[in-house]
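Trainee: all I have is the shape, not the residue letters:
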Ligand code: DOR
Ligand code: ZN
(Lines give C-alpha, C1' and ligand atoms only; values in the text may rest on other atoms or scores of the structure.)
(Ligands and ions follow the chains in the order given, each with its own letter.)
Protein backbone atom coordinates (compact mmCIF):
# COMPACT_ATOMS: atom_id res chain seq x y z
CA UNK A 1 0.00 0.00 0.00
CA UNK A 2 1.18 3.56 -0.73
CA UNK A 3 2.24 5.26 2.49
CA UNK A 4 0.12 8.25 3.37
CA UNK A 5 -0.75 10.33 6.42
CA UNK A 6 -3.06 13.17 7.33
CA UNK A 7 -2.40 16.38 9.22
CA UNK A 8 -4.48 19.39 10.17
CA UNK A 9 -4.94 21.80 7.23
CA UNK A 10 -1.95 24.17 7.06
CA UNK A 11 -1.59 27.90 7.51
CA UNK A 12 0.86 30.09 5.65
CA UNK A 13 1.62 33.15 7.74
CA UNK A 14 3.30 35.15 4.99
CA UNK A 15 2.26 35.15 1.41
CA UNK A 16 1.66 37.30 -1.67
CA UNK A 17 -1.70 36.68 -3.34
CA UNK A 18 -1.32 39.78 -5.54
CA UNK A 19 -4.29 41.53 -7.17
CA UNK A 20 -5.83 41.97 -10.63
CA UNK A 21 -5.36 39.19 -13.20
CA UNK A 22 -2.39 37.67 -11.36
CA UNK A 23 -4.54 37.09 -8.25
CA UNK A 24 -6.95 34.96 -10.28
CA UNK A 25 -4.11 33.08 -11.95
CA UNK A 26 -2.24 32.11 -8.76
CA UNK A 27 -5.04 31.78 -6.20
CA UNK A 28 -5.86 28.12 -7.05
CA UNK A 29 -2.32 27.12 -6.05
CA UNK A 30 -2.72 28.72 -2.63
CA UNK A 31 -6.16 27.29 -2.00
CA UNK A 32 -4.93 23.82 -2.94
CA UNK A 33 -2.30 23.97 -0.20
CA UNK A 34 -3.56 26.19 2.61
CA UNK A 35 -6.73 26.62 4.62
CA UNK A 36 -5.59 30.06 5.78
CA UNK A 37 -2.96 32.56 4.68
CA UNK A 38 -1.69 35.92 5.85
CA UNK A 39 -1.69 38.07 2.71
CA UNK A 40 0.96 40.76 2.39
CA UNK A 41 -0.15 44.34 1.58
CA UNK A 42 2.49 45.44 -0.98
CA UNK A 43 0.06 45.73 -3.87
CA UNK A 44 0.30 47.93 -6.94
CA UNK A 45 -0.89 50.55 -7.76
CA UNK A 46 -1.87 51.13 -4.13
CA UNK A 47 -0.79 49.23 -1.03
CA UNK A 48 -3.29 48.11 1.64
CA UNK A 49 -2.92 51.26 3.75
CA UNK A 50 -6.32 51.63 5.38
CA UNK A 51 -9.30 49.61 6.62
CA UNK A 52 -11.08 50.59 3.44
CA UNK A 53 -8.23 49.26 1.27
CA UNK A 54 -8.35 46.02 3.27
CA UNK A 55 -12.08 45.64 2.75
CA UNK A 56 -11.64 46.20 -0.97
CA UNK A 57 -8.83 43.64 -1.12
CA UNK A 58 -10.84 41.07 0.85
CA UNK A 59 -13.66 41.53 -1.65
CA UNK A 60 -11.28 41.07 -4.62
CA UNK A 61 -10.01 37.81 -3.11
CA UNK A 62 -13.57 36.61 -2.48
CA UNK A 63 -14.49 37.42 -6.06
CA UNK A 64 -11.42 35.65 -7.48
CA UNK A 65 -12.36 32.54 -5.49
CA UNK A 66 -15.82 32.55 -7.02
CA UNK A 67 -14.49 33.16 -10.54
CA UNK A 68 -11.96 30.35 -10.18
CA UNK A 69 -14.57 27.99 -8.71
CA UNK A 70 -12.57 27.44 -5.51
CA UNK A 71 -15.03 26.04 -3.01
CA UNK A 72 -12.62 24.70 -0.37
CA UNK A 73 -12.67 26.55 2.96
CA UNK A 74 -10.06 29.29 2.69
CA UNK A 75 -9.38 32.34 4.84
CA UNK A 76 -7.17 35.20 3.73
CA UNK A 77 -6.11 37.24 6.75
CA UNK A 78 -5.02 40.72 5.78
CA UNK A 79 -2.17 43.03 6.75
CA UNK A 80 -1.80 46.80 6.74
CA UNK A 81 1.11 48.44 4.93
CA UNK A 82 2.89 50.89 7.28
CA UNK A 83 4.04 54.19 5.84
CA UNK A 84 5.52 57.29 7.47
CA UNK A 85 1.99 58.70 7.37
CA UNK A 86 0.20 55.80 9.15
CA UNK A 87 -1.73 57.02 12.22
CA UNK A 88 -2.95 55.27 15.39
CA UNK A 89 -6.48 55.78 14.03
CA UNK A 90 -5.55 53.82 10.88
CA UNK A 91 -4.51 50.97 13.18
CA UNK A 92 -7.68 51.14 15.25
CA UNK A 93 -9.90 51.15 12.17
CA UNK A 94 -7.99 48.34 10.48
CA UNK A 95 -8.14 46.28 13.65
CA UNK A 96 -11.89 46.81 13.82
CA UNK A 97 -12.14 45.68 10.18
CA UNK A 98 -10.43 42.39 11.11
CA UNK A 99 -6.87 43.15 9.95
CA UNK A 100 -4.58 41.07 12.18
CA UNK A 101 -1.14 42.51 11.43
CA UNK A 102 0.74 45.49 10.04
CA UNK A 103 3.79 45.10 7.84
CA UNK A 104 6.92 47.15 8.25
CA UNK A 105 8.93 47.42 5.04
CA UNK A 106 11.96 49.66 5.40
CA UNK A 107 11.71 52.22 2.60
CA UNK A 108 12.74 50.74 -0.77
CA UNK A 109 13.96 47.44 0.68
CA UNK A 110 12.12 45.14 -1.75
CA UNK A 111 9.34 44.76 -4.36
CA UNK A 112 6.66 47.48 -4.03
CA UNK A 113 8.10 49.11 -0.91
CA UNK A 114 8.56 52.63 -2.29
CA UNK A 115 6.09 53.88 0.31
CA UNK A 116 7.81 51.99 3.14
CA UNK A 117 8.96 53.41 6.45
CA UNK A 118 11.96 55.74 6.78
CA UNK A 119 12.29 55.53 10.58
CA UNK A 120 10.20 52.96 12.44
CA UNK A 121 10.87 54.61 15.82
CA UNK A 122 9.18 57.77 14.55
CA UNK A 123 6.00 55.64 14.45
CA UNK A 124 5.98 55.17 18.25
CA UNK A 125 2.28 56.11 18.72
CA UNK A 126 1.31 53.70 15.92
CA UNK A 127 3.26 50.85 17.50
CA UNK A 128 1.74 51.63 20.91
CA UNK A 129 -1.73 51.49 19.35
CA UNK A 130 -0.79 48.10 17.88
CA UNK A 131 0.22 46.89 21.36
CA UNK A 132 -3.13 48.17 22.65
CA UNK A 133 -5.17 46.53 19.86
CA UNK A 134 -3.17 43.30 19.91
CA UNK A 135 -2.11 43.70 16.29
CA UNK A 136 1.04 41.84 15.23
CA UNK A 137 3.99 43.68 13.64
CA UNK A 138 5.42 41.77 10.66
CA UNK A 139 8.93 42.92 9.89
CA UNK A 140 10.88 42.75 6.65
CA UNK A 141 14.20 42.70 8.48
CA UNK A 142 16.76 44.09 6.07
CA UNK A 143 18.66 47.37 5.96
CA UNK A 144 18.00 48.89 2.53
CA UNK A 145 20.71 50.10 0.21
CA UNK A 146 23.58 47.96 1.49
CA UNK A 147 25.17 44.70 0.32
CA UNK A 148 22.23 42.29 0.18
CA UNK A 149 24.33 39.52 1.74
CA UNK A 150 24.72 41.62 4.91
CA UNK A 151 21.34 43.37 5.00
CA UNK A 152 19.54 40.99 7.38
CA UNK A 153 22.29 40.76 9.96
CA UNK A 154 22.69 44.55 9.88
CA UNK A 155 19.00 44.89 10.79
CA UNK A 156 19.20 42.85 14.03
CA UNK A 157 19.95 45.81 16.36
CA UNK A 158 16.69 47.41 15.13
CA UNK A 159 14.80 44.21 15.92
CA UNK A 160 16.30 44.11 19.42
CA UNK A 161 15.41 47.75 20.02
CA UNK A 162 11.82 47.19 18.84
CA UNK A 163 11.45 44.19 21.17
CA UNK A 164 12.70 46.12 24.20
CA UNK A 165 11.00 49.47 23.56
CA UNK A 166 7.64 47.83 22.81
CA UNK A 167 7.55 44.89 25.23
CA UNK A 168 3.87 44.06 24.64
CA UNK A 169 4.10 44.23 20.84
CA UNK A 170 4.08 40.82 19.14
CA UNK A 171 6.70 40.91 16.39
CA UNK A 172 7.30 38.41 13.58
CA UNK A 173 10.71 38.57 11.95
CA UNK A 174 9.71 37.42 8.48
CA UNK A 175 11.45 34.97 6.14
CA UNK A 176 14.47 34.50 8.38
CA UNK A 177 17.56 33.71 6.28
CA UNK A 178 20.71 33.85 8.42
CA UNK A 179 22.19 31.91 11.33
CA UNK A 180 22.70 35.27 13.07
CA UNK A 181 18.99 36.13 12.87
CA UNK A 182 17.98 32.65 14.07
CA UNK A 183 20.18 33.09 17.15
CA UNK A 184 18.95 36.64 17.70
CA UNK A 185 15.24 35.75 17.61
CA UNK A 186 15.85 32.75 19.89
CA UNK A 187 17.51 35.08 22.43
CA UNK A 188 14.69 37.65 22.48
CA UNK A 189 11.57 37.65 24.68
CA UNK A 190 8.64 35.41 23.73
CA UNK A 191 6.86 38.36 22.10
CA UNK A 192 9.21 37.88 19.13
CA UNK A 193 8.83 35.02 16.64
CA UNK A 194 10.04 34.29 13.12
CA UNK A 195 8.51 32.88 9.98
CA UNK A 196 10.48 30.45 7.83
CA UNK A 197 10.04 29.88 4.10
CA UNK A 198 10.55 26.64 2.19
CA UNK A 199 13.19 28.08 -0.11
CA UNK A 200 15.45 29.48 2.62
CA UNK A 201 15.64 25.96 4.04
CA UNK A 202 16.57 24.53 0.62
CA UNK A 203 18.83 26.84 -1.36
CA UNK A 204 22.00 28.90 -0.92
CA UNK A 205 23.46 31.93 -2.65
CA UNK A 206 25.49 29.65 -4.92
CA UNK A 207 22.28 28.47 -6.62
CA UNK A 208 21.08 32.04 -7.18
CA UNK A 209 24.30 33.76 -8.25
CA UNK A 210 27.34 32.56 -10.12
CA UNK A 211 30.88 33.39 -8.98
CA UNK A 212 30.76 36.73 -10.81
CA UNK A 213 27.73 37.79 -8.81
CA UNK A 214 25.35 37.64 -11.78
CA UNK A 215 21.95 36.05 -11.32
CA UNK A 216 22.14 32.51 -12.66
CA UNK A 217 18.62 31.41 -11.72
CA UNK A 218 16.18 34.30 -11.81
CA UNK A 219 13.41 32.16 -10.33
CA UNK A 220 15.41 31.68 -7.13
CA UNK A 221 16.13 35.37 -6.71
CA UNK A 222 14.24 36.86 -3.77
CA UNK A 223 14.59 39.26 -0.86
CA UNK A 224 16.17 38.41 1.49
CA UNK A 225 18.50 36.54 -0.86
CA UNK A 226 19.48 33.00 0.05
CA UNK A 227 22.70 33.00 2.07
CA UNK A 228 25.52 30.56 2.80
CA UNK A 229 25.33 26.85 3.61
CA UNK A 230 25.78 27.46 7.36
CA UNK A 231 22.82 29.86 7.25
CA UNK A 232 20.62 27.43 5.33
CA UNK A 233 21.46 24.74 7.85
CA UNK A 234 20.66 26.98 10.83
CA UNK A 235 17.32 27.97 9.30
CA UNK A 236 16.41 24.40 8.48
CA UNK A 237 17.49 23.14 11.88
CA UNK A 238 15.18 25.68 13.55
CA UNK A 239 12.39 24.79 11.14
CA UNK A 240 12.40 21.15 12.22
CA UNK A 241 13.33 21.77 15.88
CA UNK A 242 9.81 21.96 17.28
CA UNK A 243 10.42 25.43 18.75
CA UNK A 244 6.97 27.11 18.73
CA UNK A 245 8.37 30.56 17.97
CA UNK A 246 9.45 29.46 14.48
CA UNK A 247 6.55 28.74 12.15
CA UNK A 248 5.67 28.52 8.49
CA UNK A 249 5.35 31.54 6.21
CA UNK A 250 6.19 30.66 2.61
CA UNK A 251 6.73 34.20 1.29
CA UNK A 252 5.48 32.69 -1.95
CA UNK A 253 5.85 35.70 -4.26
CA UNK A 254 4.72 35.14 -7.86
CA UNK A 255 5.87 37.37 -10.71
CA UNK A 256 4.91 36.72 -14.34
CA UNK A 257 7.74 35.05 -16.25
CA UNK A 258 8.52 38.26 -18.18
CA UNK A 259 9.17 40.14 -14.91
CA UNK A 260 11.77 37.55 -13.91
CA UNK A 261 13.46 36.89 -17.24
CA UNK A 262 13.36 40.37 -18.80
CA UNK A 263 15.89 43.19 -18.52
CA UNK A 264 15.47 43.41 -14.74
CA UNK A 265 14.55 40.64 -12.34
CA UNK A 266 11.76 41.00 -9.81
CA UNK A 267 12.50 39.45 -6.41
CA UNK A 268 10.33 36.54 -5.38
CA UNK A 269 10.12 32.74 -5.36
CA UNK A 270 6.73 31.25 -6.22
CA UNK A 271 6.68 28.28 -3.88
CA UNK A 272 2.94 27.89 -3.28
CA UNK A 273 2.51 25.07 -5.85
CA UNK A 274 5.04 22.87 -4.02
CA UNK A 275 5.18 24.25 -0.48
CA UNK A 276 3.69 21.53 1.69
CA UNK A 277 5.13 18.68 -0.38
CA UNK A 278 8.61 20.18 -0.02
CA UNK A 279 8.13 20.54 3.73
CA UNK A 280 7.11 16.88 3.94
CA UNK A 281 10.35 15.93 2.18
CA UNK A 282 12.40 18.11 4.55
CA UNK A 283 10.80 16.81 7.76
CA UNK A 284 10.99 13.24 6.46
CA UNK A 285 14.67 13.58 5.58
CA UNK A 286 15.39 15.00 9.04
CA UNK A 287 13.35 12.13 10.54
CA UNK A 288 10.96 14.39 12.41
CA UNK A 289 7.80 14.00 10.34
CA UNK A 290 5.83 14.04 13.60
CA UNK A 291 6.79 17.72 14.00
CA UNK A 292 5.50 18.84 10.60
CA UNK A 293 1.94 19.57 11.71
CA UNK A 294 3.09 21.85 14.55
CA UNK A 295 5.19 23.87 12.12
CA UNK A 296 2.50 24.21 9.44
CA UNK A 297 -0.76 24.16 11.39
CA UNK A 298 -0.25 25.03 15.05
CA UNK A 299 2.65 27.30 16.05
CA UNK A 300 1.68 30.21 13.81
CA UNK A 301 -1.96 30.16 14.88
CA UNK A 302 -0.83 30.00 18.50
CA UNK A 303 1.44 33.04 18.15
CA UNK A 304 -1.27 35.04 16.35
CA UNK A 305 -3.86 33.98 18.96
CA UNK A 306 -6.11 32.28 16.40
CA UNK A 307 -8.08 29.06 16.44
CA UNK A 308 -6.47 26.18 14.61
CA UNK A 309 -7.90 25.15 11.24
CA UNK A 310 -10.50 22.42 11.38
CA UNK A 311 -9.95 20.57 8.07
CA UNK A 312 -7.24 18.09 7.14
CA UNK A 313 -4.89 17.34 4.27
CA UNK A 314 -3.67 13.96 3.10
CA UNK A 315 -0.06 13.48 2.01
CA UNK A 316 0.66 10.45 -0.17
CA UNK A 317 4.06 9.10 -1.10
CA UNK A 318 3.86 9.31 -4.88
CA UNK A 319 6.17 10.91 -7.46
CA UNK A 320 5.07 13.85 -9.60
CA UNK A 321 6.89 16.34 -11.81
CA UNK A 322 6.49 20.05 -11.06
CA UNK A 323 5.14 21.92 -14.12
CA UNK A 324 7.30 24.53 -15.87
CA UNK A 325 4.58 27.11 -15.37
CA UNK A 326 1.70 27.58 -12.96
CA UNK A 327 -0.68 30.40 -13.85
CA UNK A 328 1.95 32.01 -16.07
CA UNK A 329 4.56 31.94 -13.29
CA UNK A 330 7.58 29.63 -13.07
CA UNK A 331 7.26 27.82 -9.73
CA UNK A 332 9.93 26.75 -7.27
CA UNK A 333 11.37 23.34 -8.24
CA UNK A 334 9.91 23.57 -11.77
CA UNK A 335 10.75 20.48 -13.79
CA UNK A 336 11.85 18.61 -10.66
CA UNK A 337 10.38 15.44 -9.18
CA UNK A 338 8.69 15.55 -5.79
CA UNK A 339 8.10 12.37 -3.86
CA UNK A 340 5.00 13.41 -1.94
CA UNK A 341 1.70 14.78 -3.08
CA UNK A 342 -0.84 16.50 -0.88
CA UNK A 343 -4.57 17.05 -1.26
CA UNK A 344 -7.10 18.75 0.92
CA UNK A 345 -9.70 16.47 2.41
CA UNK A 346 -13.33 17.56 2.26
O1 LIG B 1 11.38 38.26 -2.74
C2 LIG B 1 10.51 38.98 -2.32
N3 LIG B 1 9.38 39.22 -3.03
N4 LIG B 1 10.66 39.57 -1.14
C5 LIG B 1 9.81 40.49 -0.69
O6 LIG B 1 10.01 41.00 0.39
C7 LIG B 1 8.66 40.93 -1.53
C8 LIG B 1 8.28 39.89 -2.45
C9 LIG B 1 7.33 40.36 -3.53
O10 LIG B 1 6.36 41.05 -3.20
O11 LIG B 1 7.55 40.02 -4.68
ZN1 ZN C 1 6.99 38.68 1.32
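Mentor: Nice, I can see it. What you see is a predicted model, and the numbers here were worked out from it, not measured in a lab. Ligands and ions are numbered 1, 2, ... in the order given.

Trainee: got phi/psi on whichever residue of the stretch 201-346 of the chain sits closest to ligand 2?
Mentor: Ranked by C-beta to the ion, the top residue of the stretch 201-346 of the chain for proximity to ligand 2 is residue 251, at 4.2 Å. All C-beta atoms are positioned from the backbone trio N, CA, C, and that covers glycine. Backbone torsions for residue 251, taken as degrees, to the nearest 10, come to phi 50, psi 30.

Trainee: same question, residue 109
Mentor: phi -80, psi -30.

Trainee: contacting residues for it?
Mentor: 116, 140, 142, 143, 144, 151, 223 (C-beta atoms under 8 Å, 6 or more residues apart in numbering).

Trainee: for those, work out which two are farthest apart.
Mentor: 116 and 151 (13.7 Å; C-beta to C-beta).

Trainee: okay, buried residues for the lengthiest helix in the chain please.
Mentor: In terms of residue count, the longest helix belonging to the chain (DSSP state H) is helix 51-67. Residues 51, 53, 54, 55, 57, 58, 60, 61, 64, 65 are the ones in helix 51-67 that count as buried (16 or more other C-beta atoms under 10 Å).

Trainee: and whichever helix or strand comes after it, does that touch ligand 2?
Mentor: Using DSSP states H and E, the helix or strand that directly follows helix 51-67 along the chain is strand 75-81. No: using C-beta under 5 Å from the ion, strand 75-81 never reaches ligand 2; the gap is at least 10.1 Å.

Trainee: chain neighbours aside, what residue packs nearest to residue 275?
Mentor: Nearest residue to residue 275 in three dimensions, chain neighbours excluded: residue 250, at 4.9 Å (C-beta to C-beta, 6 or more residues apart in numbering).

Trainee: how many other residues sit next to the one you found?
Mentor: 31 (other C-beta atoms under 10 Å).

Trainee: and for residue 219?
Mentor: Neighbours of residue 219 under the rule other C-beta under 10 Å: 21.

Trainee: same check, this time on residue 9
Mentor: Neighbours around residue 9, by other C-beta under 10 Å: 24.

Trainee: from ligand 2, how far off is it?
Mentor: 22 Å (C-beta to the ion, to the nearest Å).

Trainee: I'd like the next helix or strand past the helix or strand harbouring residue 236.
Mentor: Applying DSSP H and E as the criterion places residue 236 in helix 229-239. Toward the C-terminal end, the helix or strand that comes next after helix 229-239 (DSSP H and E) is strand 246-248.

Trainee: around ligand 2, pick out the residues from this protein.
Mentor: 40, 251.

Trainee: tell me what the longest strand anywhere in the chain is packed against?
Mentor: Counting residues, the longest strand found in the chain (DSSP state E) is strand 312-321. Secondary-structure packing of strand 312-321 (3 or more C-beta pairs under 8 Å, 6 or more residues apart in numbering; DSSP states H and E): strand 4-8, helix 275-285, strand 337-344.

Trainee: buried deepest among those, which one?
Mentor: Among these, ranked by average contacts under mean count of other C-beta atoms under 10 Å, first place goes to helix 275-285 (a mean of 21).

Trainee: ok, residues contacting that helix?
Mentor: 10, 12, 33-34, 198, 201-202, 236, 239-240, 248, 250, 252, 271, 289, 291-292, 295-296, 313, 315, 332-333, 338-342.

Trainee: what angle separates it from helix 229-239?
Mentor: Relative orientation of helix 275-285 and helix 229-239, computed by axes from the mean of the first three to the mean of the last three C-alpha atoms, to 10 degrees: 90 degrees.

Trainee: in this structure, which spans are helices?
Mentor: Using DSSP H, helices in the chain cover 20-33, 51-67, 88-96, 124-133, 151-165, 179-187, 205-208, 229-239, 257-261, 275-285, 292-297, 299-304.

Trainee: any idea which of those helices is most buried?
Mentor: Most buried among the helices of the chain, counting by mean count of other C-beta under 10 Å: helix 292-297, with a mean of 23.

Trainee: so which elements touch that helix?
Mentor: strand 4-8, strand 246-248, helix 275-285.

Trainee: reformat the ones you listed as a markdown table; add mean pLDDT.
Mentor: Output for the helices and strands packed on helix 292-297, formatted as a markdown table (pLDDT from 0 to 100):
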| stretch | mean pLDDT |
| --- | --- |
| strand 4-8 | 97 |
| strand 246-248 | 99 |
| helix 275-285 | 98 |
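
Trainee: for residue 123, find the nearest of the ones you listed.
Mentor: Go through the helices and strands packed on helix 292-297 one by one with C-beta to C-beta and the one that ends up closest to residue 123 is strand 246-248, at 25.4 Å.

Trainee: what lines up beside that closest one in the sheet?
Mentor: Partner strands and pairing direction for strand 246-248 (DSSP bridges) are strand 192-196 (parallel).

Trainee: for the stretch 1-150 of the chain, which residues score under the pLDDT cut-off?
Mentor: Counting by pLDDT under 70, the stretch 1-150 of the chain contains low-confidence ranges at 1-2.
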